[in-house]
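Participant: Predicted model follows, preceded by the sequence.
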Amino acid sequence: AQKVTQAQTEISVVEKEDVTLDCVYETRDTTYYLFWYKQPPSGELVFLIRRNSFDEQNEISGRYSWNFQKSTSSFNFTITASQVVDSAVYFCAPGPGDYKLSFGAGTTVTVRA
Amino acid sequence: DTEVTQTPKHLVMGMTNKKSLKCEQHMGHRAMYWYKQKAKKPPELMFVYSYEKLSINESVPSRFSPECPNSSLLNLHLHALQPEDSALYLCASSLGGDIYEQYFGPGTRLTVT
């Protein structure tokens, strides 16, 4: 079974600030996947990224970047130059072995203009 | 097209009513999911259909009854619900294996009176 900890409950920043969301996971599997999802106020969960345990390369997609460190079991997410539209709840979810996404508690990001 | 549609968007029902939630995807995905999400909580998995067969039932009460008429459609039949069942019900789909990301619909906000 997978377990994930998102220690930050809420983060509030001013527009254009960078914000980093922490995700620490636990797993006994040697092969696993990690996901990040975004849930804006509208409610729809939006898939952001999938990373497998064999690929520790950091990834950048526009203003989003992810830092995967197997040694510390962390898969952190950074939003650079935040915008008001980034305001949402962000969930880290360690990948399943049985279709189950083990969502973390989520971090609510509020970006103020 | 990475769209999952859900109807209705909102539903108010009494405890003696019978209603159904509907979900549809045309991405050729072979796994479909129902989640329940309470306010300020992460989604909780209810059911998983894989290749139109129920593969996971997370000990959900029998007043919730899933149905997968074909690979594109997923229904959730509701009967004799309780007020505590009020929540956002999310449908998702994925390519089929547990390594793949899930795509979510906008959800149905259910209120049981």
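Facilitator: Thanks, I have the structure now. These figures come from a predicted structure and were not determined experimentally. Numbers count the residues shown, from 1 in each chain, chains lettered A, B, ... in the order given.
Participant: Beta-bridge partners for A:Y90, please?
Facilitator: Beta bridges link A:Y90 to A:K38, A:T107 when assigned by DSSP bridges.
Participant: nope, B:M13 is what I meant
Facilitator: Beta-bridge partners, per DSSP bridges, of B:M13: B:V112.
Participant: wouldn't it be in contact with B:T113 here?
Facilitator: Yes - contact status for B:M13 versus B:T113: in contact at 7.2 Å, counting by CB atoms under 8 Å. The way it works is simple: take the backbone N, C-alpha and C, and place the C-beta from them, glycine included.
Participant: Please say which of the two ends up with more neighbours.
Facilitator: Per other CB atoms under 10 Å in any protein chain shown, whichever of B:M13 and B:T113 has more neighbours is B:M13, with 17 against 10.
Participant: Provide a list of residues in contact with that one.
Facilitator: By CB atoms under 8 Å, 6 or more residues apart in numbering or on different chains, B:M13 lies in contact with B:19, B:78, B:81, B:110-113.
Participant: just B:F47 next, same as before
Facilitator: When contacts are counted by CB under 8 Å, 6+ apart, B:F47 touches B:33-34, B:54, B:56-58, B:60, B:64, B:66, B:76.
Participant: So which of those residues is the closest to chain A?
Facilitator: Comparing these against chain A with CB to the nearest CB places B:I56 closest, at 5.9 Å.
Participant: B:S94 pairs with what?
Facilitator: B:S94 has these beta-bridge partners by DSSP bridges: B:A31.
Participant: top of the contacts of B:F47 by neighbour count?
Facilitator: B:Y33 (28 neighbours).
Participant: three-state assignment of it?
Facilitator: Using DSSP: H, G, I helix; E, B strand; the rest coil, the structure places B:Y33 in strand.
Participant: from what I can see it touches B:V48, true?
Facilitator: Yes - counting by CB under 8 Å, B:Y33 touches B:V48, with 5.3 Å between them.
Participant: Can you pull the residues of chain A lying near chain B?
Facilitator: Counting by CB under 8 Å from any CB of the partner chain, chain A comes close to chain B at A:33, A:35, A:37, A:42-47, A:50, A:52, A:91, A:95-101, A:103-106.
Participant: Buried members of those residues into PyMOL, please.
Facilitator: In PyMOL, this line selects whichever of the residues of chain A next to chain B come out buried by 16 or more other CB atoms under 10 Å in any protein chain shown:
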select buried, chain A and resi 33+35+37+43+44+45+47+50+91+95+96+97+99+100+101+103+104+105+106
